[in-house]
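Participant: build the 3D model from these lines:
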Amino acid sequence: MIDRVITSGTFSLDGGTWDVDNNIWLVGDAREVVIIDAAHDAAAIAERVGGRTVKAIVCTHAHNDHINAARDLAELTGAPIRLHPADQVLWEQQYGDAVAYEPLADGEKLAVGGVTLQILHTPGHAPGAVCVWAPDLCALFSGDTLFKGGPGATGRSYSSFDTIIDSIRTKLLPLPAETVVHTGHGDSTSVGGESPHVEEWIARGH
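Facilitator: Numbering: from 1, shown residues only. I've put the predicted structure just below:
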């Protein structure tokens, strides 16, 4: 079961603030779920969870619009917050040292509702960016690493265009072409739908 909650708020970095709509993904079954990202509105996310057990709140990266509901959501659900530690500097911009998380590791596997979720460290948009691959569901939850039409933005602090392209090439494009890519913002796409365009992105990005 894959479910989506869309929440609205702001993203702030490098002195700028922008209005954004975020996709929060719930993966699991009728008993338990993993929440992917915790954006803006903990109550709305918890309402969609209902009475199910939340095994983890997985943050695809620590830009504030993906974590700003994490503390409240953890308190509502009792679930641990999971984040790749390479994003510590971004985490501290939101929470300082007031909120703890459990570190995610590249290749780590999480079991929920009879399916396995594998963590893929995909730096570039942020140093600790991860994607969550669910091979049983033929699905990838890409955060802000890969969108319909191109890679995530790399024009702000702690980001790198060359690094995100390398992450997409080495970690995401080898996945089955039919893998559905559920993104952190906007519409879903597929690995096969995006893979032919990498050279265009590189030409455009440089």
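Participant: and the gap between residue 29 and residue 82?
Facilitator: 19 Å (C-beta to C-beta, to the nearest Å). Placement of C-beta: from N, CA and C, glycine included.
Participant: for the chain, which segments count as strands?
Facilitator: 2-13, 16-28, 32-36, 53-58, 81-83, 102-103, 109-112, 115-121, 130-134, 139-143, 146-147, 150-151, 180-183, 189-190 (DSSP state E).
Participant: between those strands, which one is nearest to residue 198?
Facilitator: Residue 198 lies closest to strand 150-151 among the strands of the chain, at 8.7 Å (C-beta to C-beta).
Participant: and the closest one, which strands flank it?
Facilitator: strand 146-147 (antiparallel) (DSSP bridges).
Participant: who's in contact with residue 32?
Facilitator: 52, 53, 54, 55, 112, 113 (C-beta atoms under 8 Å, 6 or more residues apart in numbering).
Participant: the closest residue to residue 35 other than its chain neighbours bridge partners, please.
Facilitator: Of all residues not flanking residue 35 in the chain, residue 57 sits nearest, at 4.8 Å (C-beta to C-beta, 6 or more residues apart in numbering). Under the criterion DSSP bridges, residue 57 forms beta bridges with residue 35, residue 81.
Participant: sorry, back to before: neighbour count winner among residue 29 and residue 82?
Facilitator: More crowded of residue 29 and residue 82, by other C-beta atoms under 10 Å: residue 82, with 23 against 12.
Participant: count the neighbours of residue 135 for me.
Facilitator: Considering only other C-beta under 10 Å, residue 135 is surrounded by 14 other residues.
Participant: residues contacting it?
Facilitator: So residue 135 contacts 116, 118 (C-beta under 8 Å, 6+ apart).
Participant: re earlier: my guess is the residue nearest to residue 35 contacts residue 70, does it?
Facilitator: Yes - taking C-beta atoms under 8 Å as the definition, residue 57 is a contact partner of residue 70 at 5.9 Å.
Participant: overlap in contacts of those two?
Facilitator: Common contacts of residue 57 and residue 70 (C-beta under 8 Å, 6+ apart): 38, 81.
Participant: list the buried residues for the helix-or-strand element of the chain with minimal mean pLDDT?
Facilitator: Sorting the helices and strands of the chain by mean pLDDT, DSSP states H and E puts helix 198-205 at the bottom, at a mean of 86. Residues of helix 198-205 classed as buried by neighbour count (16 or more other C-beta atoms under 10 Å): residue 201.
Participant: circling back to that earlier point, ok, so of the contacts of residue 32, who is nearest residue 149?
Facilitator: Nearest member of the contacts of residue 32 to residue 149, counting by C-beta to C-beta, is residue 112, at 29.7 Å.
Participant: next one, pLDDT for the closest one please.
Facilitator: Note on residue 112: pLDDT of 98.
Participant: for it, the count of nearby residues, please.
Facilitator: Residue 112, neighbours per other C-beta under 10 Å, totals 22.
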